[in-house]
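Engineer: build me a structure from this.
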Amino acid sequence: MTTSSLHQLSCEEVARAVWTYLDGEVDADRARDIRAHLATCDHCRDMYTFEGAFLRTVARLLDEAEDVSALRSRVIDALRRDGFTDNR
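Structural biologist: The predicted structure is shown next:
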């Protein structure tokens, strides 16, 4: 975790806030602090990029989905192709 001044966020704080930031649900000051951290931290920027891509992909699939079961099947198939298994 990196925090070089009282006004910067740690990696842990950014990780906890990334979803609300991506959803546009943080105030302007918090958004500025997150952007400042992302500009200087490769690890957090990679996480932010991944999470943003994930949300955009899910949104696209929801827009394309005829019904929930079709979306569920496509998500499960994609996860299996990437090596995930169902451990129920």
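Engineer: any weak-confidence spans in the chain?
Structural biologist: Applying pLDDT under 70 to the chain flags the ranges 1-7, 64-66, 87-88.
Engineer: centre-most residue in it?
Structural biologist: Glu51 (2.2 Å; C-alpha atoms, centre = their mean).
Engineer: excluding sequence neighbours, find me the nearest residue to it.
Structural biologist: With C-beta to C-beta, 6 or more residues apart in numbering as the criterion, Glu51 has its nearest non-adjacent residue at 5.4 Å, and that residue is Val18. To be clear about C-beta, it is placed using only N, CA and C from the backbone, and glycine gets the same treatment.
Engineer: so where do the helices sit in the protein?
Structural biologist: All helices of the chain, identified by DSSP state H, fall at 11-22, 28-40, 42-64, 68-81.
Engineer: do you know how far the residue nearest to Glu51 is from Glu12?
Structural biologist: Val18 sits 11 Å away from Glu12, taking C-beta to C-beta, to the nearest Å as the criterion.
Engineer: one step back: deepest-packed of the helices of the chain, please.
Structural biologist: Mean neighbours per residue, mean count of other C-beta atoms under 10 Å, is largest over the helices of the chain for helix 11-22, with a mean of 16.
Engineer: Arg45 and Leu38 touch, don't they?
Structural biologist: Yes: the criterion here is C-beta atoms under 8 Å, and Arg45 meets it with Leu38 at 4.8 Å.
Engineer: how near is Thr20 to Arg74?
Structural biologist: Thr20 is 27 Å from Arg74, by C-beta to C-beta.
Engineer: Glu25 now?
Structural biologist: Between Glu25 and Arg74 the distance, using C-beta to C-beta, works out to 28 Å.
Engineer: and what of His37?
Structural biologist: According to C-beta to C-beta, His37 stands 34 Å off from Arg74.
Engineer: what do you get for Tyr21?
Structural biologist: For Tyr21, the distance to Arg74 - C-beta to C-beta - is 27 Å.
Engineer: name the nearest residue to Leu61, sequence neighbours excluded.
Structural biologist: Counting by C-beta to C-beta, 6+ apart, Leu61 lies nearest to Leu71, which is 5.6 Å off, once chain neighbours are set aside.
Engineer: many thanks, we can stop here.
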